[in-house]
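[1] from the sequence below, what's the structure:
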Amino acid sequence: MITAVKTEFERISRGVRSVFWGRRAQKVKLLVIGRNVSDGLIAKLIIYLLLSIVAYLYLQPILYMVSTMFKTMADLLDPTVKWIPREVTWENVTKAIKGLQYPEALRNTSLIAVTCSLVQVVVCAMTGYALARLSVPFKGLITALIILTFLIPPQVIIIPLYVIFSKMGLLNSLFVFLIPAIFGQGLKGALFILIFRQFFRSQPPSLEEAAKLDGASTARLFFGIMLPLARSACLVVFLFSFIWYWNMYYEPSMFLAKGFTPLSIRLDMLEEVLNPTLLGNTRTITNPITEGTKMAAAFLIILPPILIFMLLQRWFVSGIERTGIVE
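    Predicted structure coming up:
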């Protein structure tokens, strides 16, 4: 009798322990793996690891640029010095500011990028709204021609444009970029028209119907209702246009040969500005251009767009999600 009770007690104890440890094991399993894959600890670690690798791939050139611009000549020639310089110097930054003629070039580049980007936002929004919501004759043909202008390389039309601007006396001025932007054919203007067209097509027609019942004209309907609704698309278009105008090199090299030159052209002229002395056919290098000076100049050029993106990236990402870019 006692043996039977003891055996039954041990069986019940094993059952209780298995249930207890089974529940604890299940809790540990849920803690590590998670109820959903995205909530698990292992999944999160994998995601963070992948994001860190991608972030490093994007940030590594900038980190190398910053590290190199503060190195002395001795650190540049020393193969053991890779990331952290033994001695920090500001000489490269000073040379870069002088070689780029940074204040003047920054003003020229900012004037081109900001002015043309703002004009493109308004003009491309008007064109995209007309193609999306208004009864325009030959709308499909116009859209196809706009796409065709996006596919044509700029090298094909650069000579006719140069001749036209030369006869109009517009070379070496802001108007060589502003006039095409006014007519919706600025840098990547066709892409921006398609972005706005996709955005306005996704809006419900009830907004326009209610405004027309109240007696709103087409202009008032666009500027008072539709354009404020397109703030996210406007921000995306402005930032894209700003970056492309800021980084362009081919068009300024053709139209802005002297005087009114942006940062991209000044970077190409860096050595010529810092070493202007010539003796016969031999260049006397009085101020040698090192890799640190070149990296400092490149970093000074990309610094304003980086700061702008850091300030606006929150609205920029949400704007991309709300526009039709990914559709």
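[2] show me the shaky parts of the chain.
    1-40, 276-288, 316-327 (pLDDT under 70).
[3] please redo it, this time with the cut-off set to 50
    1-2, 5-6, 9, 16, 19-21, 24-25, 27-34, 37-38, 278-281, 324-327 (pLDDT under 50).
[4] who's in contact with K294?
    Taking CB atoms under 8 Å, 6 or more residues apart in numbering, we find K294 in contact with A96, L270. Placement of C-beta: from N, CA and C, glycine included.
[5] equivalent analysis for the one 10 residues further on, please.
    With contacts defined as CB under 8 Å, 6+ apart, P304 is in contact with L106, S110, W246.
[6] any chance of these in a markdown table, plus distance to G259, neighbour count and secondary structure?
    As requested, those are exported to a markdown table (distance: CB to CB, whole Å; neighbours: other CB atoms under 10 Å; DSSP: H, G, I helix; E, B strand; the rest coil):
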| residue | distance to G259 | neighbour count | secondary structure |
| --- | --- | --- | --- |
| L106 | 16 | 19 | helix |
| S110 | 16 | 16 | helix |
| W246 | 19 | 21 | helix |
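[7] which of those residues sits closest to L57?
    W246 (22.6 Å; CB to CB).
[8] can you pull the contacts of the closest residue to that closest one other than its chain neighbours?
    Closest residue in space to W246, ignoring its immediate chain neighbours: A113 at 4.7 Å, by CB to CB, 6 or more residues apart in numbering. Contact analysis of A113 by CB under 8 Å, 6+ apart lists S241, F242, Y245, W246.
[9] one more: K212?
    L221.
[10] where's it relative to T218, distance?
    According to CB to CB, to the nearest Å, K212 and T218 sit 9 Å apart.
[11] same check on M295?
    Distance from M295 to T218, by CB to CB: 52 Å.
[12] which of those two has more residues huddled nearby?
    M295 (22 against 15; other CB atoms under 10 Å).
[13] what helix or strand is the more buried one on?
    helix 291-322 (DSSP states H and E).
[14] about what we covered before: how about the contacts of A113 in JSON lines, adding distance to W83 and secondary structure?
    What follows is the contacts of A113, written out as JSON lines (distance: CB to CB, whole Å; DSSP: H, G, I helix; E, B strand; the rest coil):
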{"residue": "S241", "distance to W83": "35", "secondary structure": "helix"}
{"residue": "F242", "distance to W83": "31", "secondary structure": "helix"}
{"residue": "Y245", "distance to W83": "33", "secondary structure": "helix"}
{"residue": "W246", "distance to W83": "28", "secondary structure": "helix"}
